[in-house]
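Engineer: Test case, fold it:
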Amino acid sequence: MKKMLLTAGFSFVLLLGACGGNEEDTEEAAVTGDGQATVEDGERVYRATSCFSCHGADLEGASGPNLQEVGSRLDADQIRTVIVEGTDVMPGGMVEDPEDLDALVEWLSDQK
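Structural biologist: Numbers count the residues shown, from 1 in each chain. Next up is the predicted model:
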């Protein structure tokens, strides 16, 4: 019984963390004046959309998979598809702004 309550509590905390995010932080994760996404933008989007709550602060994985070498396993189009459509356990559509999505995909693609 304790195990079930602990699991339910932990799941609830993860759910709240994944749904979090500050709209101001998301707006900061724009592109540079020339329209090019930067590495810093991708990392800001990662943090602002609370991806870290499942994938870890350093991409090391937590309840979600390790993303430290995701760019070696998936190309940019595959990464984009996972973010947009989600998976069995990851919700899709967490990044709605196209520029933020581009920045996040570029940053994750560089993780090799």
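Engineer: Least confident secondary structure element in the protein?
Structural biologist: The helix or strand with the lowest mean pLDDT-type score in the chain, counting by mean pLDDT, DSSP states H and E, is helix 23-28 (a mean of 43).
Engineer: Could I get the full set of strands for the chain?
Structural biologist: Shown for the chain, no strands are assigned by DSSP state E.
Engineer: which stretches of it have low pLDDT?
Structural biologist: Along the chain, segments meeting pLDDT under 70 span 1-39.
Engineer: Break down it into its helices, ranges please.
Structural biologist: Using DSSP state H, the helices of the chain run over residues 2-19, 23-28, 39-48, 52-55, 70-73, 76-85, 98-109.
Engineer: Can you report how many residues neighbour Glu96?
Structural biologist: Per other CB atoms under 10 Å, the neighbour tally for Glu96 reads 10. Yep, even glycine has a C-beta here, placed from its N, CA and C like the rest.
Engineer: One more: Pro98?
Structural biologist: Pro98: 9 neighbours (other CB under 10 Å).
Engineer: Look up how far His55 lies from it.
Structural biologist: Pro98 sits at a distance of 22 Å from His55 (criterion: CB to CB, to the nearest Å).
Engineer: With Ile83 instead?
Structural biologist: Taking CB to CB as the measure, Ile83 falls 11 Å from His55.
Engineer: cool, and Val82?
Structural biologist: Val82 is 11 Å from His55, by CB to CB.
Engineer: out of those two, which sits in the more crowded spot?
Structural biologist: The neighbour comparison of Val82 against His55 (other CB under 10 Å) goes to His55, with 22 against 16.
Engineer: I'd guessed the more buried one sits against Gln68; true?
Structural biologist: No. Taking contacts as CB atoms under 8 Å, His55 lies outside contact range of Gln68: 9.4 Å.
Engineer: Identify the contacts common to those two.
Structural biologist: Gly61 (CB atoms under 8 Å, 6 or more residues apart in numbering).
Engineer: correct me, but Asp41 touches Ala103?
Structural biologist: Yes. Applying CB under 8 Å as the test, Asp41 and Ala103 come out as touching, 3.8 Å apart.
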